[in-house]
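Sequence first, then the predicted structure:
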Amino acid sequence: MVGADYRILEVLGKGGMGTVYRVRHLASNQVQALKALHPHLTGPLERARFGREFRLCQNLHHPLFVRVFHLQEQEQGCYYTM
């Protein structure tokens, strides 16, 4: 499910909507977090909610807030990096 641009290093946590992984972005060698929507939540309503979460996080700017980088929607699921 996770794109070929990332290598999963470990699971950081799981919640109601998804799983958060520690990943390495292969092109930049940067370590990031990646939140992946659970596979059973792939309907249009869940995808819209996940996308809305990403866009809301993009608009938050504060030293204590995590920055989000990339949203990827695939047929088998969605994820975003932060």
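Yep, that arrived. Residues are numbered from 1 along each chain as shown.

can you give me the strands for the chain?
6-14, 18-25, 30-37, 70-74, 77-81 (DSSP state E).

wait, what's in contact with Gly77?
By C-beta atoms under 8 Å, 6 or more residues apart in numbering, Gly77 lies in contact with Met1, Ala36, Leu37, Pro39, Thr42. All C-beta spots, glycine's among them, are computed from the backbone N, C-alpha and C.

bridging residues for it?
Gln74 (DSSP bridges).

From Ile8, how far off is it?
Note on Gly77: its distance to Ile8, by C-beta to C-beta, to the nearest Å, is 14 Å.

ok, Gly77 to Asp5 distance?
Counting by C-beta to C-beta - Gly77 and Asp5 are separated by 15 Å.

which one of the contacts of Gly77 has the most neighbours?
Counting neighbours by other C-beta atoms under 10 Å, the top entry in those is Leu37, with 22 neighbours.

from memory that residue sits against Met17, does it?
Yes. Applying C-beta atoms under 8 Å as the test, Leu37 and Met17 come out as touching, 6.3 Å apart.

Now the common contact residues for those two.
Common contact partners of Leu37 and Met17 (C-beta under 8 Å, 6+ apart): Glu46, Phe50.

Show the average pLDDT along stretch 49-62.
For stretch 49-62, mean pLDDT is 92.

Can you show me the CA trace of it as PDB?
Extracted C-alpha coordinates of stretch 49-62, given in PDB (Å, rounded to 0.1, in the frame of the first residue of the first chain):
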ATOM      1  CA  ARG A  49     -12.600  12.600   5.700                       C
ATOM      2  CA  PHE A  50      -9.000  11.500   5.400                       C
ATOM      3  CA  GLY A  51      -8.300  14.100   2.700                       C
ATOM      4  CA  ARG A  52     -10.000  16.800   4.800                       C
ATOM      5  CA  GLU A  53      -7.800  15.900   7.700                       C
ATOM      6  CA  PHE A  54      -4.700  16.400   5.500                       C
ATOM      7  CA  ARG A  55      -5.900  19.700   4.200                       C
ATOM      8  CA  LEU A  56      -6.700  21.000   7.600                       C
ATOM      9  CA  CYS A  57      -3.200  20.000   8.800                       C
ATOM     10  CA  GLN A  58      -1.700  21.800   5.900                       C
ATOM     11  CA  ASN A  59      -3.300  25.100   7.000                       C
ATOM     12  CA  LEU A  60      -2.000  24.900  10.600                       C
ATOM     13  CA  HIS A  61       1.300  26.800  11.100                       C
ATOM     14  CA  HIS A  62       2.800  26.700  14.600                       C
END
